[in-house]
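> Following is a predicted model, sequence given first.
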Amino acid sequence: MRAAVLEKPRSPLIVKDVPEPGLQPGHVLLRVRACGVCRTDLHIVEGELPPLRSPLIPGHQIVGDVVKGETAELPLGARVGVSWLGGVDGSCPYCKRGLENLCDAPTFTGYSVDGGYAEYALARTDFVYPLPDALSDLDAAPLLCAGIIGFRSLRVAGVQPGERVGLFGFGASAHLAIAVLHSWGCEVYVSTRGASHRDLASSLGAKWVGNETDRPPVSLDRAVTFAPSGDVVIAALSSLRKGGVVAINAIHLDRIPQFDYDSLLWGERQIRSVANMTRADARDFLEIAAKIGLKPKVTVFPLEQANEALAAVKKDQINGAAVITIS
């Protein structure tokens, strides 16, 4: 099969022929239709996350058809999605507490196991999600990480219907979260770098749009940061009302600079990190996405241009999400 392979961190992917994955117990083999490109893929390729497997096929927003390992719930030909969290041990203290996203021994698709930048991918049967017919392949792929983790971020921030919510950074995840927030009747304020991202936020109904560290004109109830920048976290924190919450939606952050406790954190403001997602988050979000007719803005790349897709994400040249299609 054809696949885009990371031979070693900080080097370009090599598109080449590799063996098709062999079927394993408790898994399904998928013929990949499409795979979303996530900033986490970029962190892996550039060595900002420690390597767990080498060589590696990245990609964890997989849309594919079941071709082997079918079950009664997942028959041959079933169209399913795979996300970042590819498995948990089920026995650690966090899994027993219902916090599988914090599992001590997780499997990460496209990081600790091969992912979806390939013609075929192997996935644990209990960590794939049947996809609603209302979501096309290109609609579904960005939802499977960017969408789910953005939705979890809103949950971690404690967003309530009708609140004022800030989104700091407006890429693949934020441009999906804004649709959920609007369905909840929230006012959305967006701070982001790049004129095209600001234009996209305006076109999607943001009440106010500013630069990356601009302060919204009102105090926010909740904020979610999407940029991997500590400066942005401080900008979000400075925009909160007393008792407000900032949720950091980033698997990698450069650093958080020193800040003044009295003016920024006092008043029972909170900073919370967002770690992975749960299967319940995935199921709930996909149901909402189908119900509200969520249509991501997508730029398509063929598998042979996987490096170009990653470069475009790195340079913030993508409005919305990048998706690799497998022909």
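Done, it's in.
> Give me the neighbour count for Asp104.
Using other CB atoms under 10 Å, Asp104 has 11 neighbouring residues. C-betas here are computed from N, CA, C, even on glycine.
> so which strand or helix has it?
Counting by DSSP states H and E, no helix or strand carries Asp104.
> Tell me where the stretch 201-327 of the chain has helices.
230-237, 261-264, 279-292, 306-314 (DSSP state H, counting those that start in this stretch).
> out of the ones you listed, which comes closest to Asp139?
Closest approach to Asp139 among those (CB to CB): helix 279-292, 8.0 Å.
> hmm, back to that, identify, out of the helices of the stretch 201-327 of the chain, the most deeply packed stretch.
Comparing those by mean neighbour count (mean count of other CB atoms under 10 Å), helix 230-237 comes out on top with a mean of 22.
> Other residues contacting it?
166, 168-169, 191, 212-215, 220, 223-225, 246, 248, 253-257, 259, 264-265, 269, 271 (CB atoms under 8 Å, 6 or more residues apart in numbering).
> Pull out the buried members of those.
166, 168-169, 191, 212-215, 220, 223-225, 246, 248, 269, 271 (16 or more other CB atoms under 10 Å).
> of all the residues you listed, which two lie farthest apart?
Applying CB to CB across the buried ones among the contacts of helix 230-237, the maximum distance is between Glu212 and Arg269, 20.4 Å.
> that older thread, now the helices of the stretch 201-327 of the chain in CSV, with distance to Gly320 and mean pLDDT?
Formatted as CSV, these follow (distance: least, CB to CB, whole Å; pLDDT from 0 to 100):
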stretch, distance to Gly320, mean pLDDT
helix 230-237, 19, 90
helix 261-264, 32, 80
helix 279-292, 14, 96
helix 306-314, 11, 96
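> what's the closest of these to Met1?
With CB to CB as the measure, helix 306-314 is the member of those nearest Met1 (14.2 Å).
> Tell me which other helices or strands that closest one touches.
strand 27-37, helix 39-45, strand 298-302, strand 321-325 (3 or more CB pairs under 8 Å, 6 or more residues apart in numbering; DSSP states H and E).
> who does the last one pair up with?
This means strand 321-325. strand 27-37 (antiparallel), strand 298-302 (parallel) (DSSP bridges).
> now the longest one: mean pLDDT?
Averaged over strand 27-37, pLDDT sits at 98.
> Listing request: residues of the stretch 201-327 of the chain with sub-threshold pLDDT.
Along the stretch 201-327 of the chain, no part satisfies pLDDT under 70.
> Please repeat the previous calculation with a cut-off of 90.
Counting by pLDDT under 90, the ranges of the stretch 201-327 of the chain that qualify are 212-215, 227-231, 250-267, 276, 316-320, 327.
> How many residues are close by the nearest residue to Ser54 once chain neighbours are set aside?
Computed as CB to CB, 6 or more residues apart in numbering, the closest residue to Ser54 that is not its neighbour in sequence is Lys8, at 6.1 Å. Using other CB under 10 Å, Lys8 has 11 other residues around it.
> and what of the one 10 residues further on?
Val18 is surrounded by 18 other residues when neighbours are defined as other CB under 10 Å.
> Hmm, it is touching Ala4, no?
No: contact between Val18 and Ala4 fails when scored by CB atoms under 8 Å: they sit 9.8 Å apart.
> what sits in contact with each of those two?
57, 118.
> got the contact list for stretch 205-215?
Here stretch 205-215 has contacts from 167-169, 178, 182, 187-193, 198, 201-202, 216-217, 227, 229, 231-232, 235, 238-239, using CB under 8 Å, 6+ apart.
> Go again with 7 Å.
178, 182, 187-193, 198, 201-202, 216-217, 227, 231-232, 235, 238-239 (CB atoms under 7 Å, 6 or more residues apart in numbering).
> Need the buried ones from these selected in ChimeraX.
ChimeraX command restricting these to the buried ones, with burial defined by 16+ other CB under 10 Å:
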select :178,187,188,189,190,191,192,198,201,216,227,231,232,235,238,239
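> if I pick Lys16, what's in contact with it?
Counting by CB under 7 Å, 6+ apart, Lys16 has contacts 3, 5.
> Wait, a helix at it?
No: under DSSP: H, G, I helix; E, B strand; the rest coil, Lys16 falls outside any helix and is assigned strand.
> which residues does it form a beta bridge with?
With DSSP bridges as the rule, Lys16 is bridged to Ala3.
> Val82 too?
Beta bridges link Val82 to Ile62, Val128 when assigned by DSSP bridges.
> which residues in the stretch 51-200 of the chain form strands?
Per DSSP state E, counting those that start in this stretch, the stretch 51-200 of the chain carries strands over the ranges 61-68, 79-82, 85-87, 107-108, 120-124, 128-130, 164-168, 187-191.
> other SSEs contacting the longest one?
Packing partners of strand 61-68 (3 or more CB pairs under 7 Å, 6 or more residues apart in numbering; DSSP states H and E): strand 27-37, strand 79-82, helix 137-142.
> related to what we said a few turns ago, winner for burial among the strands paired with strand 321-325?
Highest mean neighbour count among those (mean count of other CB under 10 Å): strand 27-37, a mean of 25.
> if we can go back for a sec, is it correct that the residue nearest to Ser54 falls within a strand?
No: per three-state DSSP, Lys8 lies outside any strand segment and is coil.
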